[in-house]
Structures are given as C-alpha cells and as structure tokens.
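Visitor: coordinates only, sequence not included:
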C-alpha cells in the first residue's frame, strides 16, 4: 500500500441492500454496529461502497470510493487512484501520465467513464483507458483535463480563479449538534484584510473589487458557550491576472516609454542640428557676399586709383624729384593697402569654407538664440 493511503477491504460479507419500506421505522429492521472490540480501523471511516459480490468496502483515508459492474473497487487518494480487482491492487499516478496525483473525489458515469476532481482541475478518464489500466498497471494513458481556463474550479489546494474575477462569495459553516444558531464566526482574507471581521452567525463572506494576486481565507468559529476555535480553517486561492496586469506587460510599457523618450531626444537633437546648419549657412552666405563686395568694389577701386597715380607719376617732369618721391611713396602705400585687402578677402573666404563643416563648427560656435 502507498504511504498515507489506506483502502481497507474489511471483507464484511453482506447481502445486497434492498430499499427500505417507508411505512416501517428503522428500529423494525435488524441491525448491528461495528465496535472497537470487533477490530480497530486504521483511521476514521470516510467512504463506504458495496461491490456486486456483496463485500462492503470501507475507506479510512480515501477520497471517494466507487464500485464497478465487474466487482472492482476504485478509490481516490492524495497520491493518485488505487484499484482492487480479482485480488490484486494497483495504482494510477503521474507515471501513467495522470495530470496530477492529488484526487479529492471521483465519479463513474453510465458509460463507465471516470471523472476525477483533482488539484489541477477535473480529469476525464475514458472507459477504454480504464480497461487498459486494468490490463497493464504501467500503461501510458490518455486523459482530458478541464482547468481554470475551461472555467472549471480546480481543487481547493492552490485554487486559481479566472481573470477579471473581482467579486467573490465564500460560504463556510461549523457543525454543532446542540444549538447551531449560536455559532459565531470571524474571518479575514490575508493579502486584503488587515484584521478579523466579526460575521456573527452569518455563514458567508463577500468581497468586491479584488485585485489579482495570492490570498488566504481564514475563518474561526465559536460554539454555543462562546469558546473559540483558534486553529480554524483556511483556503488558499489566487486570482489570475489579465495580460495587462502582469509584470511583463508593465516592463513592456516601461520599455516602450523609454523608447519614446529616446526618439523624442533624437528628434530634438536633429532640430538643433538643423537650426545650427541654417545659421551657419546664413553666416557663410553673408561672408561670401562681403568678400565679393570687397573684391569687386573696394579692391577694384583701389586698383583703379593706383593706376591713376601711376599715370600722374609718368607725367611729372624729371626735375621734380620731391614730388616724384612723394608719389612713389604713396603708390607703395597703396600697393600695401591692396595686398592687405586681398589677404583679408582670402582669409574671409577660407574661414567661410571651414565653417561649412558642421562638426567643427559646433565646437567653434555657440548656439544662436
């Protein structure tokens, strides 16, 4: 037998039970009781079922018992399914490709198909797969799983609710054989509530506008004497986030925002570069105009004036040495002025060509306002 699992065949032979006559009370029927002196059970009985051969099966740690028409018995456990047929026991676990092993209850329909309520959801086992398992306990079987995406409520351990679940109602109760109406309750939702909520005798808890995340619902109760059970009961569940509530979506949004800011920065840099280029082009055009004006007007005028001076110099008599010397000095000075003007025009055009290089110009010039 597997650990933590016990399906105890007590081999209590009993005839098939017939329906009771509603006109007679139960005290009119013969009955007996299984007491401790008759043999101790390894745990409290949780399930009963009777096979067609008359044997009564008692499950003490099982989670549901069903009998089949061929006299077999199948039970759900925390470690899969366990079956007994023809004096032989066998198990069905994840080794048989079972989606999950912790079974909470099971049913058999009219076509001998099995329906398992498990931790991962509702598992459908077709009758032909069950027969294949009876023939070969190690066979790899085919299953159909209905999970949270199929709007199937998974088992209480690790319950996952569908996205967009915002309003929630949780029902709970406590057994009392004396005065049930005097049972009082307190509950809290860890991850949402900061303190216990006093529900009085109400056996329902309501929550609205719950965000996605993991939660634990805890409830404690008191009996009719006002004694509280501090251990209580709990239920773990989670609400699945939608795609726009996940961390990767937030990361994608941050990345997109950073990308937009980077594009805006590049656009701004491009605008500044265009503004600088336009200002430099205007500056180059202005310098070219000044150089052209100097060359075409002022320098040409100076050149013409020099030629006139030379013509006058040629007409001075040979005896007028002093006027001749003064005119020659004036012509030399005019030549110097002309040479300086040409140098200025050359330097102006040279600086204009250098300014057309934008990267170098950006190091030399400041932004224009």
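Guide: It's in. Keep in mind that what you see is a predicted model, and the values were worked out from it rather than measured.
Visitor: could you use CA atoms for every contact and neighbour count after this?
Guide: Noted.
Visitor: hey, where'd the helices end up in the stretch 201-350 of the chain?
Guide: Ranges of helices in the stretch 201-350 of the chain, per DSSP state H, counting those that start in this stretch, are 247-293, 299-315, 321-355.
Visitor: from the contact counts, what lies against the longest one?
Guide: Pointing back at helix 247-293 there. Here helix 247-293 touches helix 321-355, going by 3 or more C-alpha pairs under 8 Å, 6 or more residues apart in numbering; DSSP states H and E.
Visitor: mean confidence score for the helix it packs on?
Guide: Helix 321-355 shows an average pLDDT of 67 in the prediction.
Visitor: do stretch 199-207 as well
Guide: The average pLDDT for stretch 199-207 rounds to 90.
Visitor: mind listing what's buried along that stretch?
Guide: Within stretch 199-207, the residues scored as buried using 16 or more other C-alpha atoms under 10 Å are 201, 205.
Visitor: what's the first-to-last distance across that stretch?
Guide: Counting by C-alpha to C-alpha, to the nearest Å, you get 13 Å between the two ends of stretch 199-207.
Visitor: what sits up against that stretch?
Guide: 166-173, 181-187 (C-alpha atoms under 8 Å, 6 or more residues apart in numbering).
Visitor: residues in contact with residue 194?
Guide: Contacts of residue 194 (C-alpha under 8 Å, 6+ apart): residue 188.
Visitor: look up which helix or strand it falls in, please.
Guide: In the assignment (DSSP states H and E), residue 194 maps to no helix and no strand.
Visitor: per-domain residue ranges of the protein.
Guide: For the chain, automatic domain parsing gives the domain ranges 7-19+41-150, 159-245, 256-364.
Visitor: tell me the most buried of those?
Guide: Comparing these by mean neighbour count (mean count of other C-alpha atoms under 10 Å), domain 7-19+41-150 ranks first with a mean of 17.
Visitor: quick one on the thing from earlier: between the domains of the chain, which gets the lowest average pLDDT?
Guide: Sorting the domains of the chain by mean pLDDT places domain 256-364 lowest, at a mean of 73.
Visitor: for residue 95, helix, strand, or coil?
Guide: Under DSSP: H, G, I helix; E, B strand; the rest coil, the three-state class of residue 95 is helix.
Visitor: ok, it touching residue 141?
Guide: No: using C-alpha atoms under 8 Å, residue 95 is not in contact with residue 141, being 9.4 Å away.
Visitor: which of the contacts of stretch 199-207 sit farthest apart?
Guide: Greatest spacing in the contacts of stretch 199-207, by C-alpha to C-alpha: 166 and 182 (31.6 Å).
Visitor: so residue 196 makes contact with residue 217?
Guide: No: counting by C-alpha under 8 Å, residue 196 stays clear of residue 217, with 10.7 Å between them.
Visitor: intersection of neighbour lists for those two?
Guide: 187-188.
Visitor: go through the chain and flag its longest strand.
Guide: With secondary structure taken from DSSP state E, the chain has its longest strand at strand 213-222.
Visitor: what packs against that one?
Guide: Checking 3+ C-alpha pairs under 8 Å, 6+ apart, strand 213-222 ends up next to strand 184-190, strand 233-239.
Visitor: to residue 89, which of those lies closest?
Guide: Residue 89 lies closest, by C-alpha to C-alpha, to one member of the helices and strands packed on strand 213-222: strand 233-239, at 33.4 Å.
Visitor: thinking again about what came up before, for residue 57, find the nearest of the helices and strands packed on strand 213-222.
Guide: Closest of these to residue 57 is strand 233-239, at 29.7 Å (criterion: C-alpha to C-alpha).
Visitor: starting from that closest one, tell me which strands it pairs with and how they run.
Guide: Within its sheet, and counting by DSSP bridges, strand 233-239 is paired with strand 159-161 (parallel), strand 213-222 (antiparallel).
Visitor: can you say which of these is nearest to residue 79?
Guide: Among the strands paired with strand 233-239, if distance is taken as C-alpha to C-alpha, the winner is strand 159-161, at 18.4 Å.
Visitor: how much space between the residue nearest to residue 72 when sequence neighbours are not counted and residue 246?
Guide: Nearest residue to residue 72 in three dimensions, chain neighbours excluded: residue 85, at 4.6 Å (C-alpha to C-alpha, 6 or more residues apart in numbering). Residue 85 is 49 Å from residue 246, where distance means C-alpha to C-alpha.
Visitor: got it, and residue 165?
Guide: Residue 165 sits 15 Å away from residue 246, going by C-alpha to C-alpha.
Visitor: got it, and residue 86?
Guide: According to C-alpha to C-alpha, residue 86 stands 53 Å off from residue 246.
Visitor: swap in residue 83?
Guide: 43 Å.
Visitor: how about residue 289?
Guide: Separation of residue 289 from residue 246 (C-alpha to C-alpha) stands at 65 Å.
Visitor: not counting its neighbours along the chain, what's nearest residue 179?
Guide: Leaving aside its chain neighbours, residue 179 sits nearest to residue 224 (6.2 Å; criterion: C-alpha to C-alpha, 6+ apart).
Visitor: I'd say the one you found and residue 180 touch.
Guide: Yes: counting by C-alpha under 8 Å, residue 180 is a contact partner of residue 224 at 7.4 Å.
Visitor: what about residue 137, is that helix, strand or coil?
Guide: Per three-state DSSP, the local secondary structure of residue 137 is coil.
Visitor: contact partners for it?
Guide: Going by C-alpha under 8 Å, 6+ apart, the list of residues near residue 137 reads 90-92.
Visitor: cool, residue 166 as well?
Guide: Per C-alpha under 8 Å, 6+ apart, neighbours of residue 166: 207-211.
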